[in-house]
Every structure is written in C-alpha cells, then in structure tokens.
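J.: Attaching a predicted model along with its sequence, questions to come.
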Amino acid sequence: MVANADVVRTLERIADLLDIKGENPFKSRSYRLAAVQVENLSEQLTDILAREGSLDPIEGFGPAISEKMATLLTTGRSPYLEQLEAEIPPTLLEITGLPGVGPRTAATLWKEAGVTTLDDLEAACRSGRLAGLPRMGARTVEKILAACAAQRDTGGRQRRPRAGVEPLVDTLLDALRGLPATRRAEVAGSFRRGRDTVGDLDLLVATEQPHDVLVSFAALPQVERVLLRGDTKCSVVVDGLQVDCRAVAPDQFGAAWQYFTGSQAHNIRLRGIALRRGLLLNEYGVFGSDDDTRVAGATEEEVYEALGLRWIPPEQREDRGEVEAARITPVGVSSQEGSES
DNA sequence: TTAGTATT
DNA sequence: CATAATACTAAA
C-alpha cells in the first residue's frame, strides 16, 4: 500500500535530483508544487485513483506527473525516479542537505571532483583538490568542512516536537526582551502557526538598533554556531536547532510578523493578491506600486485589511482556502480592485 | 556586481 | 508560459 506520504517523498526526491541535474527550474518546481498538493489532501491518493481512474483532477497534477504517480501507486515503484537515481548519485542529496551547499555546488563537486558522498567531500576539501573549481575559494572550503563536522555531530537536521522546543523559545524571547534596544520580541514561523513539529525557530525583534540587537543575539551563551549575521537577519544554531532572528523597525513589525509567520504558500497567495490590487507586499509593509507610499505595516490587522482581508489566525495560514474565506470584498464584483480609495 | 543559497 | 519578494556571503 502506497501512502500519500510516500508519494510526497517521491515527488520531492525527483525535484531535488532534477535540480542537481540542472533541469529547467520550472520542472522541479512542478514536482514540488504537486508534493504540496498531496500533503494538503485529506483523502488517500489510492482512493482517488480508484474512483476517478486517474490523478488528473488533483491540482498541480498535469498528465506527466499524473501518469508517473499512478504507476507508483499501482506498482509500488517509480521507474522515473529509479532512472534519475541511476543518472545522478542519490547520495548527493546528503551533500545538498548541508547548510550553504545547494544543487549547483553539488553538481560541480560531482562532475568536476568526482565527489558523491559526505566522506568524499571531506576528503576532497582536505586534499586541496577543490581549489580552482568555480566559486570554490578557501573560505568556502572551510565552511563546507565545518558543515560536515556539524552534520557528523548532530546527525543532521530533523524536525522536532513542539513541546521539546517550548522552553527554548521562552528562554530566547526572554533574552531578546532583556536587551536594552528591544522594543518587542515575538516568535513566528511554524511554531507560531501551532504546528506540532518545528524544523527551526523564527524570532522577530522590533528595534531601532537592529545591528546591536543581532550582535547581542549571536553572542548569547546558548548559541553554538553562527551560520550568518547581517544587519537585519541572523541565523544561529542552539541545541542543534537552527534559530533565525530578524530585526525590523517597530512600525514594520506587523508586516514582518506576517511575513515571518508564513506559511510560505500563504505568503505567496497574499503577495499575489497584493499584485492584483496594484500593491506590493513585503516584510516591510504594503506599498502602492506606482509610488512608494506605504499603506500598511505596523500591525498584522492593517496588512490584511489593506489586501481586503480579515485578519487570519496563524494556525490557519497554510493556503488551504483560508485566504478566500477571509475576503471582505466579494470576488468578481469589480475588475479593477486596486481603484478603490 | 553576480552567483548561489537561503527564508517566510 | 512559468510563485513573491528579499537577505547574506563569497567569488569574480
């Protein structure tokens, strides 16, 4: 019996391998989009296939993906995935799993240096064999070695239960709130959306001194490793868990909290609505696209309102119909939605 | 400045 | 044809 989760894994694996292969990015995106649609299904794909005779009716499933996944459901195997795995060493996926190493780098390491496994990669880094490869300077090699070491220690990244990270969230929020420059600090991301597992933690700080706050954040005693630190954003590892902290001006807090809470699919939906209304939505606010006038941003409520929506509770922000349900302006009434004052 | 990777 | 918008880092 092939479960929906198996189909999701297959679709994502195909997408990852296509990226390493250097295929058209729209192709891998289609597989990822299909994976998201399956994740959101409440019904078993096998039941749909039995009833409909095909998977075509599923959103995000065109003829090609439909046919491939029907084969997987009926035979338990995916010849297409197997062919890709024969073409591209699937162990390269462990390498793209390292933070900072993506599909382009993995492809170069494989084709130019014969690297296919993490052990290969470490040996290649130490041997100096990577010098001369495009975009592969000494600093990059050092970063890769550090990432390999971290991977060995922690066994890599995995989602963990919400309950297990709750104390950490409290500790870090308290630490941020204790900084003199902090005006407000809140948790965002999947934790705020109430998910029962989290892959990382997302924290947001309102401040007039973002640089100072992020320097202090990176220097917290709990921090094991600093992945990156800029003037608005800092990523660290605490207790083996990645923690991203974003610092914004207080009057941008609402837009930033909305953005940082996600989900990604929810944000894309909202930004699409903004475009259709002649607006631009980003983490700094809602802007008129003609001029730079900001029409919202201090609170989440005003961000949603500027888009003609009621505020949506974080737990519902998954792009599973909640945006349509929150519409204040009825659909299809006007063809020029952006023209109201 | 650009390429690559990353985040929601 | 093609999902939105932006941030950080190292290399070129």
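T.: That came through, no problem.

J.: Check which residues of stretch A:307-318 are buried.
T.: A:L307, A:G308, A:L309, A:I312, A:P314, A:Q316, A:R317, A:E318 (16 or more other Cβ atoms under 10 Å). Heads up, the C-betas are built off the backbone N, CA and C, glycines and all.

J.: Could you take those and lay them out as JSON lines, with extra columns for pLDDT, secondary structure and distance to DNA strand B?
T.: Output for the buried residues of stretch A:307-318, formatted as JSON lines (pLDDT from 0 to 100; DSSP: H, G, I helix; E, B strand; the rest coil; distance: Cβ to the nearest atom of the strand, whole Å):
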{"residue": "A:L307", "pLDDT": "95", "secondary structure": "coil", "distance to DNA strand B": "15"}
{"residue": "A:G308", "pLDDT": "95", "secondary structure": "coil", "distance to DNA strand B": "20"}
{"residue": "A:L309", "pLDDT": "96", "secondary structure": "strand", "distance to DNA strand B": "17"}
{"residue": "A:I312", "pLDDT": "97", "secondary structure": "coil", "distance to DNA strand B": "13"}
{"residue": "A:P314", "pLDDT": "97", "secondary structure": "helix", "distance to DNA strand B": "10"}
{"residue": "A:Q316", "pLDDT": "97", "secondary structure": "helix", "distance to DNA strand B": "14"}
{"residue": "A:R317", "pLDDT": "97", "secondary structure": "coil", "distance to DNA strand B": "8"}
{"residue": "A:E318", "pLDDT": "93", "secondary structure": "coil", "distance to DNA strand B": "10"}
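
J.: Would you mind giving both backbone torsions of the residue of the stretch 51-200 of chain A found nearest DNA strand C?
T.: Nearest residue of the stretch 51-200 of chain A to DNA strand C, counting by Cβ to the nearest atom of the strand: A:G137, 2.0 Å away. When quoted as degrees, to the nearest 10, the phi and psi of A:G137 stand at phi -90, psi -180.

J.: Repeat that for A:G288.
T.: Backbone torsions for A:G288, taken as degrees, to the nearest 10, come to phi -70, psi 140.

J.: Kindly report the same for A:G285.
T.: Backbone torsions of A:G285, given as degrees, to the nearest 10, read phi 150, psi -170.

J.: What about the residue nearest to it when sequence neighbours are not counted, how many residues nearby?
T.: Leaving aside its sequence neighbours, A:G285 sits nearest to A:G297 (Cβ to Cβ, 6 or more residues apart in numbering; 2.9 Å). Neighbours of A:G297 under the rule other Cβ atoms under 10 Å: 25.
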